[in-house]
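A.B. asks: when you get a sec, could you give me coordinates for this:
(chains A and B)
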Amino acid sequence: AQSVTQLGSHVSVSEGALVLLRCNYSSSVPPYLFWYVQYPNQGLQLLLKYTSAATLVKGINGFEAEFKKSETSFHLTKPSAHMSDAAEYFCAVSRMNTGFQKLVFGTGTRLLVSP
Amino acid sequence: DVKVTQSSRYLVKRTGEKVFLECVQDMDHENMFWYRQDPGLGLRLIYFSYDVKMKEKGDIPEGYSVSREKKERFSLILESASTNQTSMYLCASTLWDRWNTEAFFGQGTRLTVV
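C.D. replies: This next block holds a predicted model:
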């Protein structure tokens, strides 16, 4: 069954530093993978998605993620953190069950950005 | 601008009450979902619906039911609210059975059961 694991419930960086949020997936078939962001008191919005077209995926707000099959990873990165990036980030994998697509989410990583 | 709208941002209910959480989408999506979000547990799927009057149990359906009488509206029902159902509830919608489709989320309803 498809699942994702996010390492680290909290990640702290300084403004301007590299952001790296880790996600490993488990899937018996080629996965479709997603990163979502949740700002305080809001719903989730899509940052980027991997659908097998390219292993390096660029998303909104300067984020990107690289699909590495050999490492079963889909880590999220951003070269330089901004204060506005402080939020919770969720990795997700698309799972088919009885013919219907469902998203299975990781437990989330809260990104803290200090001045 | 696409939208998924949840009727309440905050709710406080008493133990044993019947609670309705409403969700409406304006994108003509076939699939709609209810998730529950708790710290350290991420989002867990409660129920989903792939068509009017059709529903499927998710991973944690116990204590919940759903209703989808119209394509745009998906309701989550807590038959008899309990304190362990205090949580953030998120509604989402997607197009019909497309693996790589984007899910659109509502703002969430923070429910407190006292």
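
A.B. asks: which residue, neighbours along the chain excluded, lies closest to A:Val93?
C.D. replies: Excluding the flanking residues, the one nearest A:Val93 by CB to CB, 6 or more residues apart in numbering or on different chains is A:Gln2, at 4.6 Å. Where C-beta positions appear, they are placed from N, C-alpha and C, glycine not excepted.

A.B. asks: and for the one you found, the neighbour number?
C.D. replies: 20 (other CB atoms under 10 Å in any protein chain shown).

A.B. asks: that one reaches A:Phe34, doesn't it?
C.D. replies: No - look at A:Gln2 against A:Phe34 with CB atoms under 8 Å: they stay out of range, at 11.8 Å.

A.B. asks: which residues touch the residue nearest to A:Val93?
C.D. replies: The contact partners of A:Gln2, by CB atoms under 8 Å, 6 or more residues apart in numbering or on different chains, come to A:25-29, A:31, A:93-95, A:104.

A.B. asks: before we move on, the earlier item: now the common contact residues for A:Gln2 and A:Phe34.
C.D. replies: A:93-94.

A.B. asks: which residues in chain B form strands?
C.D. replies: Here chain B has its strands, by DSSP state E, at B:4-6, B:10-13, B:19-25, B:31-38, B:42-51, B:54-57, B:64-70, B:73-78, B:87-94, B:104-105, B:109-113.

A.B. asks: the first one pairs with which strands?
C.D. replies: As defined by DSSP bridges, the strand partners of strand B:4-6 come to strand B:19-25 (antiparallel).

A.B. asks: coming back round to it: quick one: the strands of chain B as TSV, columns for mean neighbour count too.
C.D. replies: Converted to TSV, the strands of chain B look like this (neighbours: other CB atoms under 10 Å in any protein chain shown):
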stretch	mean neighbour count
strand B:4-6	19
strand B:10-13	13
strand B:19-25	19
strand B:31-38	23
strand B:42-51	21
strand B:54-57	15
strand B:64-70	16
strand B:73-78	20
strand B:87-94	24
strand B:104-105	22
strand B:109-113	18
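
A.B. asks: pLDDT weak spots in chain A?
C.D. replies: A:30, A:96-101 (pLDDT under 70).

A.B. asks: so which residues of it form strands?
C.D. replies: Using DSSP E, strands in chain A cover A:3-7, A:10-14, A:19-26, A:33-38, A:44-50, A:56-58, A:64-68, A:73-78, A:87-97, A:100-105, A:109-114.
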